[in-house]
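Visitor: Predicted model and sequence follow; I will ask about them next.
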Amino acid sequence: MKDQQGSQRISSGVIAAVSAAVVAVGGGVAWFASNQSPTPTKPSPTITQPNQSSTTQPVQEQTPNVYWLKPRGQGVDLVPQPVKIAATQPNQVLEKAFQALLAGPTEGTDSTTIPPGTKLLGVKTENDEVHVNLSEDFTTGGGTTSMMARIGQVVYTATTINPKAKVYIEVQGEQLDVLGGEGVELQQPLTRESFEQKYPL
């Protein structure tokens with residue numbers, strides 16, 4: 001009986017000691033965990049996606065005019081043709097309008113004096129200014145009337161969004177001061193009003 005009671009006491013004591021050790025270790029782990037600085041978590045990609053998508057500009061459809069030439073007695077008239085353009089940036093509207101202009105008229109009796117092969121190297125709008133950069137082909141061929149007419153086509157197309165804008169025409173990145181062999185002088189910037197006064201068609 002004594003042996004059994006003793007063994008019971010020993011086993012009870014062992015159990016109590018083991019339990020106390022488990023509690024102590026568990027408490028220590030809990031204390032260690034609670035005193036650690038929290039590890040920063042990286043934001044989930046799904047959190048940053050709305051911020052990225054918010055920078056995407058909505059597609060807007062606009063209808064600028066490109067300008068062709070229509071014979072009128074001894075002269076010509078600048079006549080507008082609306083072109084539907086879907087764009088996400090302001091410059092894209094003018095870029096696509098000029099691409100349509102340089103491609104030439106597709107219908108009717110309207111014409112152009114812009115030489116074939118002329119390419120748009122860039123168009124930039126700043127405040128009330130429009131800078132149009134064309135390839136060197138723009139300066140080739142035609143007499144005085146032809147050259148003044150092509151200047152008018154560029155000026156009026158460039159100001160289709162803002163008719164009061166000032167237009168700077170550049171060729172290969174350099175401001176164009178004299179056009180063609182007959183020497184049509186350009187006093188830049190050009191506006192619709194100054195064009196009508198200085199370069200009557």
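Guide: Cool, the structure landed. Just so it is clear, the model here is predicted, and its values are computed rather than measured.
Visitor: the strands in this structure, which residues?
Guide: For the chain, the strands defined by DSSP state E cover 60-62, 65-72, 75-82, 85-87, 120-126, 129-134, 166-171, 174-175, 178-179, 184-185.
Visitor: buried ones in the fourth one?
Guide: Using 16 or more other CB atoms under 10 Å as the test for burial, strand 85-87 gives 85, 87. Where you see a C-beta, it was placed from the backbone N, CA and C, and this is true even at glycine.
Visitor: State the mean pLDDT of it.
Guide: Throughout strand 85-87, pLDDT has a mean value of 84.
Visitor: What strands line up against that strand, and which way round?
Guide: strand 60-62 (antiparallel) (DSSP bridges).
Visitor: Can you give the contact residues for the partner strand?
Guide: With contact meaning CB atoms under 8 Å, 6 or more residues apart in numbering, strand 60-62 is reached by 84-88, 93, 161.
Visitor: Could you find the closest non-adjacent residue to Pro80?
Guide: With CB to CB, 6 or more residues apart in numbering as the criterion, Pro80 has its nearest non-adjacent residue at 3.6 Å, and that residue is Asn65.
Visitor: can you pull up the bridge partners for the one you found?
Guide: Going by DSSP bridges, Asn65 is paired in beta bridges with Pro82.
Visitor: hang on, it packs against Thr160?
Guide: Yes - counting by CB atoms under 8 Å, Asn65 touches Thr160, with 4.7 Å between them.
Visitor: Find residues that contact each of those two.
Guide: Common contact partners of Asn65 and Thr160 (CB under 8 Å, 6+ apart): 80, 97.
Visitor: Give me the more crowded residue out of the two.
Guide: Looking at Asn65 and Thr160 with other CB atoms under 10 Å, you find the greater number of neighbours at Thr160, namely 22 against 18.
Visitor: So the more buried one sits against Leu78, correct?
Guide: No - using CB under 8 Å as the test, Thr160 is too far from Leu78 to be in contact (11.4 Å).
Visitor: Now for these two: what residues contact both?
Guide: Tyr67.
Visitor: Run through the helices of this structure in chain order.
Guide: 2-34, 45-53, 90-103, 144-158, 192-198 (DSSP state H).
Visitor: what's the neighbour count on Glu61?
Guide: Counted with other CB under 10 Å, the neighbours of Glu61 add up to 9.
Visitor: Likewise for Pro163?
Guide: Count around Pro163 with other CB under 10 Å applied: 10.
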